[in-house]
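**Student:** Quick one, fold the following:
(one chain, ligands or ions: 1)
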Amino acid sequence: MTRVSEIAAVRTVPVPLGSRAYDVLIGPGLLANAGSLIAARLGAPKCGIVTDENVARFHLPALEAALQRDKLHAGSIVLKPGEATKSFRELAPLSERLLELGLERGDLVVAFGGGVIGDLAGFAAAILRRGVRFVQIPTSLLAQVDSSVGGKTGIDTPQGKNLIGAFHQPSLVIADTDTLRTLPEREMRAGYAEVAKYGLLGDAAFFSWLEQSWRSVFAFEEVALTRAIETSIKAKAGIVGRDETEQGERALLNLGHTFGHAFEAWCGYSDRLLHGEAIAIGMAIAFRFSETLGLCAPGAARRVASHFEAVGLPTRIADIPGDTPDVETMMRLMAQDKKVRRGKLTFILARGIGDAIIASEVPEAGMRAFLAGEIAGTGR
Ligand SMILES: NC(=O)c1ccc[n+]([C@@H]2O[C@H](COP(=O)([O-])OP(=O)(O)OC[C@H]3O[C@@H](n4cnc5c(N)ncnc54)[C@H](O)[C@@H]3O)[C@@H](O)[C@H]2O)c1
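**Tutor:** Just a heads-up that it's a prediction; the model follows:
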């Protein structure tokens, strides 16, 4: 087995949060070293793994062996895959099973999977014995570049997504790029939308690099894949370090999300539209709306859409399979987004590629007219 010290490609991104600071480790081959990576940083806790059936099928034996080698493995809990798992119904038995594993205050929950497992297991860790530490081992691209970092944990309810939860920072994030090789291609593309988001919101040079290099990322070329993930995590870590609980700047990470969440709700959070696909349409719309308002020079929206189209991501409401929402439905669904304050919608818009801004008090009439054009397919 290759020890981690021999893995030349491993990258470390610190998340600067004072007493709650932690590292994100990125690179191939990390899973096999998870035990020693955890033990070196967090002592010798008992580890309860939480994962889903898909991830378990491909990768659980490797993680269990790695934890057993360092005598850290307390047990593994394998849940059904899918957004429905992020629920009170699953949280209750999960919490009890973690207690049955004998996890105590100094021990660790290991969230091993995509964003669903990360959010649910992180929330379970936040409430178990009033808070135990947890480690994120993200296995989807979306989780590696976004959900595993920043400490937002939670579950969905019939009232909406992520409305119940807690800020609970992980103690370590281990992003093994090799695990992405078993991820379905559609999931990889959906996660890529969040990678592109970091370029679009604050790093024009990164977006240009992605336009040139996205094929290498999808071909799992180590240097390109690691660079895409590392640049994304650095951007997120910087923002979270400055604004952990989203009092301001962290809202920029929601570029495309108010529109996107409305599309996800419209599709019933089903496979009809994955989160990243909804966000891709949302970001393309945010740029078109920014141009309509004269905030952004013409051309940026076309460039965003062209890149997403090249990658195979949707960019228009008409790209959603099946029927599409009307203007009133869109307004109602967007108003349920938790980024609403006192009835006013706050949108993340852009002055250009790499230059997103928080726009509060967006005029409702202008939004309705714009959406009507988008839905009719007559938008720019
Ligand atoms: N906490 C945050 O800051 C934050 C940020 C963004 C998104 N999220 C949440 O993340 C969730 C979406 O995450 P996701 O896209 O990772 O979804 P997911 O966890 O459902 O994973 C997507 C699918 O890929 C499978 N999978 C994951 N890794 C795999 C692998 N290596 N090989 C084979 N299959 C694999 C899963 O079983 C699942 O079927 C949503 O619930 C969203 O709300 C949270």
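
**Student:** residue boundaries of the helices in the stretch 151-300 of the chain?
**Tutor:** For the stretch 151-300 of the chain, helices defined by DSSP state H, counting those that start in this stretch occupy the ranges 185-202, 204-218, 222-242, 257-266, 275-292, 300-311.

**Student:** next one: stretch 273-285 to chain centre, how far?
**Tutor:** 13 Å (Cα atoms, centre = their mean, to the nearest Å).

**Student:** Also stretch 38-54?
**Tutor:** Centroid separation between stretch 38-54 and its chain, computed with Cα atoms, centre = their mean, is 21 Å.

**Student:** most packed of the helices of the stretch 151-300 of the chain?
**Tutor:** helix 275-292 (a mean of 26; mean count of other Cβ atoms under 10 Å). Backbone N, C-alpha and C define where each C-beta goes, glycine included.

**Student:** Next, the angle helix 185-202 makes with that helix.
**Tutor:** Angle of helix 275-292 versus helix 185-202, following axes from the mean of the first three to the mean of the last three Cα atoms, to 10 degrees, is 30 degrees.

**Student:** and helix 275-292, what does it pack onto?
**Tutor:** helix 185-202, helix 257-266, helix 300-311, strand 347-352, helix 364-376 (3 or more Cβ pairs under 8 Å, 6 or more residues apart in numbering; DSSP states H and E).

**Student:** Remind me what the second one packs against, helices and strands.
**Tutor:** Packing partners of helix 257-266 (3+ Cβ pairs under 8 Å, 6+ apart): strand 160-167, helix 275-292, helix 327-335, strand 347-352.

**Student:** Save these as a markdown table, and put in mean pLDDT and distance to Arg368 too.
**Tutor:** Below are these laid out as a markdown table (pLDDT from 0 to 100; distance: least, Cβ to Cβ, whole Å):
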| stretch | mean pLDDT | distance to Arg368 |
| --- | --- | --- |
| strand 160-167 | 90 | 22 |
| helix 275-292 | 97 | 12 |
| helix 327-335 | 91 | 6 |
| strand 347-352 | 96 | 14 |
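
**Student:** would you list the ones you listed in JSON lines and tack on distance to the ligand?
**Tutor:** JSON lines is the format used below for the helices and strands packed on helix 257-266 (distance: least, Cβ to the nearest ligand atom, whole Å):
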{"stretch": "strand 160-167", "distance to the ligand": "6"}
{"stretch": "helix 275-292", "distance to the ligand": "5"}
{"stretch": "helix 327-335", "distance to the ligand": "16"}
{"stretch": "strand 347-352", "distance to the ligand": "14"}
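
**Student:** Looking at the helices of the stretch 151-300 of the chain, spot the one closest to Val327.
**Tutor:** Minimum separation from Val327 across the helices of the stretch 151-300 of the chain (Cβ to Cβ) falls at helix 257-266, 11.2 Å.

**Student:** quick one, what contacts the closest residue to Gly165 other than its chain neighbours?
**Tutor:** Once flanking residues are discounted, Gly165 sits nearest to Gly154: 2.0 Å by Cβ to Cβ, 6 or more residues apart in numbering. By Cβ atoms under 8 Å, 6 or more residues apart in numbering, the residues touching Gly154 are Lys86, Asp119, Phe123, Asn162, Leu163, Ile164, Gly165, Ala166.

**Student:** mind checking the SS state of the nearest residue to the last one once chain neighbours are set aside?
**Tutor:** If the residues on either side of it in the chain are set aside, Ala166 comes closest to Ala126, at 4.2 Å by Cβ to Cβ, 6+ apart. Here Ala126 takes the helix state, with states given by DSSP: H, G, I helix; E, B strand; the rest coil.

**Student:** which residues does Ala126 contact?
**Tutor:** Taking Cβ under 8 Å, 6+ apart as the test, what Ala126 contacts is Thr153, Ala166, His168.

**Student:** Just the pLDDT at it, thanks.
**Tutor:** For Ala126, the pLDDT comes out at 98.

**Student:** swap in Thr378?
**Tutor:** You'll see Thr378 listed with a pLDDT of 65.

**Student:** With Pro158 instead?
**Tutor:** Note on Pro158: pLDDT of 83.

**Student:** Compute the distance between it and Gly122, please.
**Tutor:** Noted for Pro158: a distance of 21 Å to Gly122, by Cβ to Cβ, to the nearest Å.

**Student:** Does Phe88 touch Ile155 like I think?
**Tutor:** Yes - counting by Cβ atoms under 8 Å, Phe88 does reach Ile155; the two are 6.3 Å apart.

**Student:** Give me the common contacts of the two.
**Tutor:** Both Phe88 and Ile155 are contacted by Ile164, under the criterion Cβ under 8 Å, 6+ apart.

**Student:** Between these two, which is the more surrounded one?
**Tutor:** Each of Phe88 and Ile155 has its neighbours counted (other Cβ atoms under 10 Å); Ile155 has more, 21 against 10.

**Student:** for the more buried one, which residues make a bridge with it?
**Tutor:** Beta-bridge pairing of Ile155 under DSSP bridges involves Ile164.

**Student:** State the distance from Leu30 to Phe58.
**Tutor:** Leu30 is 15 Å from Phe58, by Cβ to Cβ.

**Student:** For these two, indicate the residue with more neighbours.
**Tutor:** Each of Leu30 and Phe58 has its neighbours counted (other Cβ under 10 Å); Leu30 has more, 22 against 13.

**Student:** Need the pLDDT of the more buried one.
**Tutor:** Confidence for Leu30, expressed as pLDDT, is 97.

**Student:** same check, this time on Glu53
**Tutor:** The per-residue pLDDT reported for Glu53 equals 98.

**Student:** Now do it against Ser140, distance only.
**Tutor:** In terms of Cβ to Cβ, Glu53 sits 14 Å off from Ser140.

**Student:** and what of Gly29?
**Tutor:** Taken as Cβ to Cβ, the span from Gly29 to Ser140 is 18 Å.

**Student:** next one: Ile233
**Tutor:** 14 Å.

**Student:** And Arg181, by the same measure?
**Tutor:** Distance, Arg181 to Ser140, using Cβ to Cβ: 12 Å.

**Student:** Noted, bye for now.
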